[in-house]
Structure formats: structure tokens, C-alpha cells
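In: kindly generate the corresponding structure for this input.
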Amino acid sequence: MSSPIVLHFHDVSFSYPHLTVLEDVSFHVHEGEFIALVGPNGSGKTTLLKLILGLEQPKTGTIELLGQNPSKARVQIGYVPQHASYDPSFPISVLEVVKMGMVEARGRQPKEKLKEMALEALEQVELASLSDRPYSDLSGGQRRRVLVARALASKPGILILDEPVANMDKESEARLYATLGKLKGTTTILIVTHDMRMVSSLTDRVFCIDAHKEGKVGRTVVQHMLQDVEGDGIKRVLHNIEIPADQCSFPQEADNE
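Out: Predicted coordinates for the structure are as follows:
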């Protein structure tokens, strides 16, 4: 029996005043899945994220997030942005950064409980020992993992990471994916990336947004992946093989690249 559906796009289209970005997009995500959404820059990934977060509304079609309209359910999303601007001279600790992710819990939980929740999230990313360290003292990879902890602190229904390994060295990337691997199965994870060739071996399914071609608008399709053909723990995406209809609810055909 399949796990419950936590995110469902049904025939969703979206346009800006002079640009159609998405058209007739349909897909769904099951609870506990590890999903990669891939597509080149300009293909509509950011717009799709805004729709999931309820920051934009579809022109046609429907979106259901955790059984609700995204604008109501977005407080249940743990979001890790690609870029998180901060002032390195601002004296804020790692623990305080994580506690910033518990806005909804403030006022409902005592301070000690908030601290306990923040430390638990830091334990999940193996950075609890740095809780009192100034955030600015951390490496780029460590800061990204702290942001994951911030997103996890509120115990979200879905964890979304935008370009999670951008500008990371290989060691930091491996540590981040090790963290995500421990969350797999218990937390629904959606990773958004422009790299259409490779995805983590943790990935259950890939949703691929086509670039604009021959006047066509972006659309979401589901692809098969090769299983670690080079023995390096990385799966290669096949862009000309579609998952059979009886395994998903995505009738679109995949384009060859």
C-alpha cells in the first residue's frame, strides 16, 4: 500500500504577464519519499517552488499540500534556501540560528523546550557540539547543515532544499547527504537542482522540468535513473525513458536530450 500523498499538482499552469512558465503540470509526492526536481536555469523551478510555498497562485489547476491549500500549509514546510544572506559581524550563535526556525512554536513552548528542540535538530545534522559557536565561524558546508537543522527544528511535514550542494566541496557535500540519508523514510525530502545529469543515490524519483523548446512551455515529467553505473554512488538520469503509467500518475512523455 502506498504512503499518503503529501503534495499534489493537478493540471497546474502559471504565467507571468508576458511569459508562460508552466503548463498542465501534474505530479504527486508520497510521504517519506526523497525526490529530486531537476531542470536547467530558467525552466521554471523557482516558480514551481513559489507555488509549493503558496507565494504564487496557479492560473489554472489545483495544488494540495499536506491536505490544504499551500498558503495555509506552508508553515509545515522546512525550507533551506540556496543563498542565506547574513551579516558576519552580527553576534549570533549556531543555536540561535536554529531557533529562528521555530517561529510558530514561540509563545506556545517554554524557552527550555525551544532550546531542547533546537539541540535535537543540531544532533540530526551532527553539529550539536558547535551549538555555542558563532555562526560566522563555521565553514560554508557547516552553515548549510545548520540551515537544515533550522528547517528541521519545527518538525516539518516536508523538507525542501534549493540547490543544496551549490559551491560545496566534496567532503561537505558527502556530510550533507549523509545527514539527509538518516532522514530518508521518516521525512519527505524534495531537492531542487539545475544539474540534470546526476542526482544523489538516495533519490527515489526524479521530476524533470523541460527547458523551453520550440515555443513549448515548461512541463514536469518523471524519468528513470541508472543505478550507480560507475560505482561512485551517483545515479545518472536517463532523459529518454519514462516511468510506466502503472507506477505513477504522470502521463507526459519524456523528451530525448
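In: what's across from the residue nearest to P91 when sequence neighbours are not counted in the sheet?
Out: Excluding the flanking residues, the one nearest P91 by C-beta to C-beta, 6 or more residues apart in numbering is P134, at 6.7 Å. Glycine gets a C-beta too; all of them are placed from N, C-alpha and C. Applying DSSP bridges to P134 yields these beta-bridge partners: S93.
In: hey, where'd the helices end up in the stretch 151-257 of the chain?
Out: Under the criterion DSSP state H, counting those that start in this stretch, helices of the stretch 151-257 of the chain are mapped to 170-183.
In: what mean pLDDT does stretch 208-226 get?
Out: For stretch 208-226, the mean pLDDT works out to 49.
In: ok, Y177 touching I189?
Out: No - counting by C-beta atoms under 8 Å, Y177 stays clear of I189, with 10.7 Å between them.
In: ok, the residue nearest to P91 - contacts?
Out: Going by C-beta atoms under 8 Å, 6 or more residues apart in numbering, P134 touches 91-94.
In: who wins on neighbours among those?
Out: Most neighbours among the contacts of P134, by other C-beta atoms under 10 Å: V94, with 27 neighbours.
In: from R143, how far off is it?
Out: 9 Å (C-beta to C-beta, to the nearest Å).
In: what do the two both touch?
Out: With contacts taken as C-beta under 8 Å, 6+ apart, V94 and R143 have Y135 as neighbours in common.
In: before we move on, the earlier item: looking at Y177 and I189, which is more packed in?
Out: Each of Y177 and I189 has its neighbours counted (other C-beta under 10 Å); I189 has more, 26 against 18.
In: any idea what that one is bridged to?
Out: Taking DSSP bridges as the rule, I189 bridges to F34, L159.
In: got a list of what it touches?
Out: Taking C-beta under 8 Å, 6+ apart, we find I189 in contact with 33-35, 158-161, 180, 183.
In: low-confidence ranges, this structure, go.
Out: Residues of the chain meeting the criterion pLDDT under 70: 1, 104-108, 196-199, 210-257.
In: tell me, what residue is most central in it?
Out: Centroid-nearest residue in the chain: I160, 2.5 Å away (criterion: C-alpha atoms, centre = their mean).
In: ok, M117 touching Q109?
Out: Yes - M117 lies in contact with Q109 (C-beta under 8 Å); the separation is 7.4 Å.
In: residues shared between the contacts of these two?
Out: Residues touching both M117 and Q109 (C-beta under 8 Å, 6+ apart): M102.
In: the more surrounded of those two?
Out: Using other C-beta under 10 Å, the more surrounded residue of M117 and Q109 is M117, with 20 against 14.
In: elements contacting the host helix or strand of that one?
Out: Assigned by DSSP states H and E, M117 belongs to helix 111-124. For helix 111-124, the packing partners by 3 or more C-beta pairs under 8 Å, 6 or more residues apart in numbering; DSSP states H and E come out as helix 94-99, helix 140-152, helix 170-183.
In: now the strands for the chain?
Out: Here the chain has its strands, by DSSP state E, at 5-16, 19-30, 34-38, 60-65, 77-80, 158-162, 188-193, 198-200, 205-209, 220-225, 234-242.
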